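sequence plus the predicted model coming up.
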Amino acid sequence: MSHDDIGSVLDEIEEIAGADVVRALRLEFPGVRIYFGLKPDPDSTLVQTIGLHAAQALGDYFGGDHVTIPTGKASANLRAGADKARRIMALHKSGKKIAEIALAVGVTERWVYYVMRRNRRNGDDRQLDMFDNAANDNPV
């Protein structure tokens, strides 16, 4: 069985594991065939990227099959958006005003509020987005 149809495979992954897992896979593995094993290795890059629970759920669904994660403009946009979100949160934490943040990052004030609200919903307005691989580094 092949799971290489871009739209449907991403829809399947999103239904099983959520939109955040799709984003993480597209950022970490653009254009790469990934093997979703029935027993994921906790030390694997896949598990480190999406978590053991999501890797197990996808392994159960795909039954040990390979899946190609799409590449292209969407992946580049996701990376750029994640970088901007990290920068927005860092500027906010440094005490900058919303208008200053928007001008510095090149987004609207409305987008700054959206990013801040999304990060608060994730449980902590000090926490950077899940795409921040170096949470202790200064992202600015």
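Sure, I can see it. Note that the structure is predicted; figures quoted are calculated from it, not measured.

only C-alpha atoms for contact and neighbour calcs from this point on.
Fine.

the closest residue to Leu52 other than its chain neighbours sits in which helix or strand?
Distance criterion C-alpha to C-alpha, 6 or more residues apart in numbering; nearest residue to Leu52, sequence neighbours excluded, is Pro42 at 6.4 Å. Under DSSP states H and E, no helix or strand contains Pro42.

return the distance of Pro42 relative to Leu58.
Pro42 sits 14 Å away from Leu58 when distances are taken as C-alpha to C-alpha, to the nearest Å.

and what of Ile98?
Distance, Ile98 to Leu58, using C-alpha to C-alpha: 39 Å.

just Val105 next, same as before
Taking C-alpha to C-alpha as the measure, Val105 falls 36 Å from Leu58.

list the buried residues of the helix or strand where Ala54 lies.
According to DSSP H and E, Ala54 maps onto helix 52-62. Of the residues in helix 52-62, 52, 54-62 count as buried by neighbour count, 16 or more other C-alpha atoms under 10 Å.

ditto for stretch 80-89
82-89.

let's see which of the residues you listed end up in strands.
Judged by DSSP state E, those include no members of strands.

go through those residues and say which is closest to Asp20.
Distance to Asp20, by C-alpha to C-alpha, is smallest for Ala82 among the buried residues of stretch 80-89, at 11.8 Å.

buried residues in stretch 36-53?
36-38, 40, 46-47, 49-50, 52.

for Arg121, state which of these is nearest.
Ile50 (18.7 Å).

for the closest one, which non-adjacent residue is closest in space?
With C-alpha to C-alpha, 6+ apart, the residue lying closest to Ile50 is Val21, at 5.8 Å.

wasn't that neighbour part of a helix?
Yes: assignment of Val21 by DSSP: H, G, I helix; E, B strand; the rest coil places it within a helix.

right, and it touches Val47 too?
No: checked against C-alpha atoms under 8 Å, the pair Val21 and Val47 is beyond contact range at 10.8 Å.

where do the contact lists of these two overlap?
Common neighbours of Val21 and Val47, using C-alpha atoms under 8 Å, 6 or more residues apart in numbering, are Ala54.

sec struct for the closest residue in space to Gly63 that isn't next to it in sequence, please.
Distances taken as C-alpha to C-alpha, 6+ apart put Leu38 closest to Gly63, at 6.1 Å, once the chain neighbours are dropped. Classification of Leu38 by three-state DSSP places it in coil.
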